[in-house]
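> everything below, folded, please.
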Amino acid sequence: MQTDKSKVVFKDYNFNQNLLLPPSLEEMISPNHPVRVVNQVVDNLNLDPVFEKYEGGGCPAYHPRLMLKILVYGYVTNLYSSRKIEQALHENIHFMWLSGMSYPDHNTINRFRSDRLKDVLKEVFNQVVHLLIDHGHVTMKEAYVDGTKMEANAGRYTFVWGRMIKKHKEKIQQQLKELWAYAESVAKEEMENNEPVEFDTIDAEKIKRTVNSIDQALKGKDVDKEIKKKLNYAKREWPEKIERYDRQEKQIGTHRNSMSKTDPDATFMRMKEDHLKNSQLKPSYNWQITTENQYILGYTLHQNAADTISLPEHLESIKSGLGQYPEVLVGDAGYGSEENYEYLENNGVEAYLKFNYFEKEKTDKWKLDLSRQENLYYNQDKDCFYCPMGQVMKFIGQKQTTSDHGYIQTIRRYQAQNCSGCPIRGTCNKTNNSNRIIDVNMRLRYHRKLARDRLNSEKGKIYRSKRPVDVEPVFGMIKYNRNYRRFLLRGLEKVQIEAGLLSIAHNLKKMAS
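Residues are numbered from 1 along each chain as shown. Below is the predicted model:
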């Protein structure tokens, strides 16, 4: 069947048609568009902390409120590069409307993000959360905590390991000591005039003095060629190497074991690469967030991969910014430590944190394992345990252990009286001791029982089912929906700014939806 082409009608189109009244940008933006939410929220924020970053004088600066609006809206629309935001200011009607047809260039945008927002963006973020509380979006009654490892903007093969630095320094110490001993054996009289050297600690100046003393003493002596070669190498390389090692040790600090040469604040962490959980060590930051109704209540960045030790610092940041802790905190097994249980109890937070074997202890294999002290009965009145055969295990003493970050644990020891001839000795006592000894952390035992009872309660089951759909999707949206899997800036301070902008953008986008 053929169509009668004479009946086809097109709408009028005239590329050169002039408009009597040009349309305004205001009319072209829908009333519920997210850009209006960004504009309204930023207009109601107190930006005095940002204003104080300006010294005055010189060429007039773009208004901080304008700069913050275009940055936040850039992160809302998945534009993270200052160059792309600059381009959008010339091409995108939403950016044009938001900026009032102002056109800051990418250098201005980047300087504002890196310098003007330094140390003050957290205050801005907290104001946004207070706004969410005032509008009833969040209540601070229950919160869900989780962390993710976000790759740093650093070379993937620029690693520096703390243990290797220590090993290299010890090697230089040993070789310097050997050179000194050789010089004493060849030029004893010349070496007697030198001050004795302590080789336990060395620095660049000590190496220079020591090598020069050895070199002077060996002049005119019949010295082995290999020793001469090593001495020349030591004079040329060792002082510079020790200076570099000392500087790197200072940058790494005491609570981590690695860093990147291109971003010394980044730590090499093992990251999941795909659904098969193939992993690689990459320079990263540990990004912690707390959420309620998928809104971000607080964020912190950490240089240590362990979620366990990050929780107190993370919650203190929330308390400092919002004036209160959440009433209830729900987290996975990565947070279930004695220190965290104690910290939450002392601060009046009802904790629903799994411990590392919460799921395993429900299995028959766990329950029937006689070697686990968790399966032994404890008599609190007599302060003793009973072995599977009913024999008393008496208290024999206690010891204290200190974690890498200074937390002290008390371990109590209990020993059975006679394990010889026991028919189940092979499955119960797997040590070489004649009588079985168990080490028990009574405080941790108490906290785990409390956590177990809470997690298995009806309320606990609800919280456990809500946690994966409250906090985990937030990271999923940021990483996959918004295609943000790697920080753009370098250094902990600048990365914190990026995390803050992402968190603000996430909250405002959710508010707009």
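
> count of neighbours near Glu339?
19 (other Cβ atoms under 10 Å). Using the backbone N, CA and C atoms, a C-beta is placed for each residue, glycine as well.

> mind telling me what element the spatially closest residue to Ile29 that is not a sequence neighbour is part of?
Nearest residue to Ile29, sequence neighbours excluded (Cβ to Cβ, 6 or more residues apart in numbering): Trp97, at 5.8 Å. Using DSSP states H and E, Trp97 sits in helix 93-99.

> just checking, what packs against the helix or strand following that helix?
Downstream of helix 93-99, the next assigned helix or strand under DSSP H and E is helix 106-111. If contacts are counted by 3 or more Cβ pairs under 8 Å, 6 or more residues apart in numbering; DSSP states H and E, helix 106-111 sits against helix 64-76, helix 82-91.

> Val474 versus the residue nearest the centre of the chain, what's the distance?
In the chain, the centroid-proximal residue (Cα atoms, centre = their mean) is Asn286; its distance is 2.1 Å. From Asn286 across to Val474, the span is 15 Å (Cβ to Cβ, to the nearest Å).

> for Arg247, same thing?
On the measure of Cβ to Cβ, Arg247 and Val474 end up 38 Å apart.

> of those two, who's got more company?
The residue with more neighbours, out of Arg247 and Val474, is Val474; 22 against 11, by other Cβ under 10 Å.

> which residues does that one contact?
For Val474, the contact set (Cβ atoms under 8 Å, 6 or more residues apart in numbering) comprises 289, 291, 294, 296, 506.

> and which of those residues is nearest to Gly334?
Using Cβ to Cβ, Ile289 is the member of the contacts of Val474 that lies nearest Gly334, at 13.4 Å.

> ok, which pair from the contacts of Val474 is furthest apart?
Ile289 and Gln294 (10.5 Å).

> looking at the two, which one has more neighbours?
Comparing Ile289 with Gln294 by neighbour count (other Cβ under 10 Å), the higher total belongs to Ile289, at 24 against 18.

> how about that one, phi and psi?
Torsion angles at Ile289 (phi, psi; degrees, to the nearest 10) stand at phi -130, psi 150.

> in the sheet, who's paired with it?
Asp146, Tyr299 (DSSP bridges).

> OK, contacts around Arg485?
Contacts of Arg485 by Cβ under 8 Å, 6+ apart are 150-151, 479.

> again but with Pro239, I slipped
Contacts for Pro239 were tallied using Cβ under 8 Å, 6+ apart; they are 204-205, 207-208.

> apply 6 Å and report the result again.
With contact set as Cβ atoms under 6 Å, 6 or more residues apart in numbering, Pro239 has these partners: 204, 207-208.

> and if you look at Gln398?
Contacts of Gln398 by Cβ under 6 Å, 6+ apart are 410, 412.

> quick check: which element contains it?
strand 392-402.

> can you dump the C-alpha atoms of that strand in CSV for me?
What follows is strand 392-402, C-alpha atoms only, in CSV (Å, rounded to 0.1, in the frame of the first residue of the first chain):
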residue,chain,number,x,y,z
VAL,A,392,37.9,-27.9,86.2
MET,A,393,40.2,-25.5,84.4
LYS,A,394,41.6,-23.1,87.1
PHE,A,395,42.8,-19.5,86.7
ILE,A,396,46.6,-19.4,86.6
GLY,A,397,47.4,-15.8,85.8
GLN,A,398,46.9,-13.0,83.3
LYS,A,399,48.8,-10.9,80.8
GLN,A,400,48.3,-7.7,78.9
THR,A,401,48.7,-7.1,75.2
THR,A,402,48.9,-3.7,73.4
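
> so what strands line up beside it?
strand 384-386 (antiparallel), strand 408-416 (antiparallel).

> can you lay out the ones you listed as a markdown table showing distance to Gln173, mean pLDDT and mean neighbour count?
Below are the strands paired with strand 392-402 laid out as a markdown table (distance: least, Cβ to Cβ, whole Å; pLDDT from 0 to 100; neighbours: other Cβ atoms under 10 Å):
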| stretch | distance to Gln173 | mean pLDDT | mean neighbour count |
| --- | --- | --- | --- |
| strand 384-386 | 48 | 94 | 17 |
| strand 408-416 | 32 | 93 | 17 |
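
> next, Asn483: secondary structure please.
coil (DSSP: H, G, I helix; E, B strand; the rest coil).

> ignore what I typed, I meant Pro423.
coil.

> and it, what is it in contact with?
With Cβ under 6 Å, 6+ apart, Pro423 has no contacts at all.

> contacts for the helix holding Trp97, please.
Contacts for helix 93-99 (Cβ under 6 Å, 6+ apart): 25, 28-29, 35, 39, 66, 69-70, 73, 88-89.

> how about the strands paired with strand 392-402, which one is nearest Glu184?
strand 408-416 (46.2 Å).

> quick one: the helices in the stretch 251-400 of the chain, in order.
Taking DSSP state H, counting those that start in this stretch to define them, one finds helices in the stretch 251-400 of the chain at 311-322, 338-346, 364-367.

> for the last one, C-alpha coordinates in PDB please.
Output in PDB follows, covering the C-alpha atoms of helix 364-367 (Å, rounded to 0.1, in the frame of the first residue of the first chain):
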ATOM      1  CA  ASP A 364      27.500 -27.700  63.500                       C
ATOM      2  CA  LYS A 365      31.200 -27.900  62.700                       C
ATOM      3  CA  TRP A 366      31.900 -24.900  65.000                       C
ATOM      4  CA  LYS A 367      29.600 -26.100  67.800                       C
END
